[in-house]
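Undergrad: the amino acid sequence is not available; the structure is as follows:
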């Protein structure tokens, strides 16, 4: 049994509900390891857990991705040993100095990935992987729309889609973010606070629309995202940064051109270990090749996670953010 610190919530609410608690971590059981975190990823899903939008048993240690070193291995763990560097996502409970976690949820890290990069890329990078390679398999010549193109997932989507031969349209909130997105593969950044992105998409595509929209914003962009699709296009709603999309009439999909809508999660796509390892391998390959660059642009001490949440929710962050235990 070791005593460590963790960020926990005892009731849902704003960033002020996050406490720096002392907790005890026991010895790993069968199939488990005790992991010492060296870096923890900040992801928007963390705010959903904090606010209670996605409910957890309380008190709860939040956080869905991290990297670190195996401190102890339980019975039956044969693929990992003490001292191994590993990372994971998704795996709620990351905002802590040490934790117990199932060994089959951990991905060994190659030597060329540092811990901060790993923590910043696992959830966001594997999200981009399943979106681009499974939910809608982007092909050379496709023109796609990425909402919030300067966000952490958005920047990875833009780079990876460009690598796959797509033309990328992306929405951003400022001219500075437009330049950032452009530097990361976005061919047509649209400042949505100034320009009508539906009109811009129709203009760029010659009135046809796009085959797929990747939308992690949710409530404020959903209806307009549908209007950007070509007939039989796919709306991929993978997040809700602006709030949950309210119920809508399914007949709308018929009226707008026999559209498809899906609400995928990384949890489902990597539920099996073989899928987790394949997704991570695909991500590592594009990062190692230089086609996708993972840039940790903000770091905070783990105990200051509330400050990081405020910055994330007010859209002050760009790219990846990492918390340091």
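TA: Received it, and whenever you're ready, just let me know what you need. Computed from a predicted structure; not experimentally measured.
Undergrad: now the strands: where do they sit in the stretch 151-300 of the chain?
TA: Taking DSSP state E, counting those that start in this stretch to define them, one finds strands in the stretch 151-300 of the chain at 167-172, 188-191, 210-215, 229-237, 260-262, 296-301.
Undergrad: what sits closest to residue 16 if chain neighbours are left out?
TA: Distances taken as C-beta to C-beta, 6 or more residues apart in numbering place residue 306 nearest to residue 16, at 6.5 Å, with adjacent residues excluded. All C-beta atoms are positioned from the backbone trio N, CA, C, and that covers glycine.
Undergrad: please compute how far the strand or helix carrying that neighbour lies from its chain's middle.
TA: In this structure, residue 306 sits in helix 305-313 according to DSSP states H and E. Relative to its chain's centre, helix 305-313 lies at 16 Å (C-alpha atoms, centre = their mean, to the nearest Å).
Undergrad: following that helix, which helix or strand comes up?
TA: Downstream of helix 305-313, the first helix or strand assigned by DSSP H and E is strand 320-324.
Undergrad: report the angle between the helix holding residue 306 and strand 320-324.
TA: Calculated by axes from the mean of the first three to the mean of the last three C-alpha atoms, to 10 degrees, helix 305-313 forms an angle of 180 degrees with strand 320-324.
Undergrad: what's the mean pLDDT across helix 305-313?
TA: Averaging pLDDT along helix 305-313 yields 96.
Undergrad: and for stretch 267-286?
TA: Average pLDDT, stretch 267-286: 97.
Undergrad: can you tell me what sits against it?
TA: For stretch 267-286, the external contacting residues (C-beta atoms under 8 Å, 6 or more residues apart in numbering) are 90, 104-105, 107, 110, 113, 121-122, 125-126, 128-130, 133-134, 160, 163, 292.
Undergrad: mind listing what's buried in it?
TA: 269, 270, 276, 279, 280, 282, 283, 284, 286 (16 or more other C-beta atoms under 10 Å).
Undergrad: any chance of these in JSON lines, plus distance to residue 31?
TA: Output for the buried residues of stretch 267-286, formatted as JSON lines (distance: C-beta to C-beta, whole Å):
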{"residue": "269", "distance to residue 31": "22"}
{"residue": "270", "distance to residue 31": "17"}
{"residue": "276", "distance to residue 31": "15"}
{"residue": "279", "distance to residue 31": "21"}
{"residue": "280", "distance to residue 31": "19"}
{"residue": "282", "distance to residue 31": "25"}
{"residue": "283", "distance to residue 31": "24"}
{"residue": "284", "distance to residue 31": "24"}
{"residue": "286", "distance to residue 31": "31"}
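Undergrad: of the residues you listed, closest to residue 8?
TA: The closest of the buried residues of stretch 267-286 to residue 8 turns out to be residue 270 (C-beta to C-beta; 25.3 Å).
Undergrad: kindly provide the distance from the closest one to residue 130.
TA: Distance of residue 270 to residue 130, given as C-beta to C-beta, to the nearest Å: 8 Å.
Undergrad: what's the closest of the strands of the stretch 151-300 of the chain to residue 8?
TA: strand 296-301 (16.0 Å).
Undergrad: pull up the pairing partners for the closest one, direction included.
TA: strand 320-324 (parallel) (DSSP bridges).
Undergrad: which residues does the residue nearest to residue 91 when sequence neighbours are not counted contact?
TA: The shortest distance from residue 91 to any residue other than its chain neighbours is 5.5 Å, reached at residue 105 (C-beta to C-beta, 6+ apart). Shown in contact with residue 105 (C-beta under 8 Å, 6+ apart): 88, 91, 273, 276.
Undergrad: quick one on the thing from earlier: so among the contacts of stretch 267-286, which ones count as buried?
TA: Members of those classed as buried by 16+ other C-beta under 10 Å are 90, 105, 107, 113, 121-122, 125-126, 128-130, 133, 160, 163, 292.
Undergrad: out of the strands of the stretch 151-300 of the chain, which is closest to residue 179?
TA: strand 188-191 (7.7 Å).
Undergrad: all helices of the stretch 101-250 of the chain, in order?
TA: All helices of the stretch 101-250 of the chain, identified by DSSP state H, counting those that start in this stretch, fall at 115-130, 152-163, 175-183, 197-204, 222-227.
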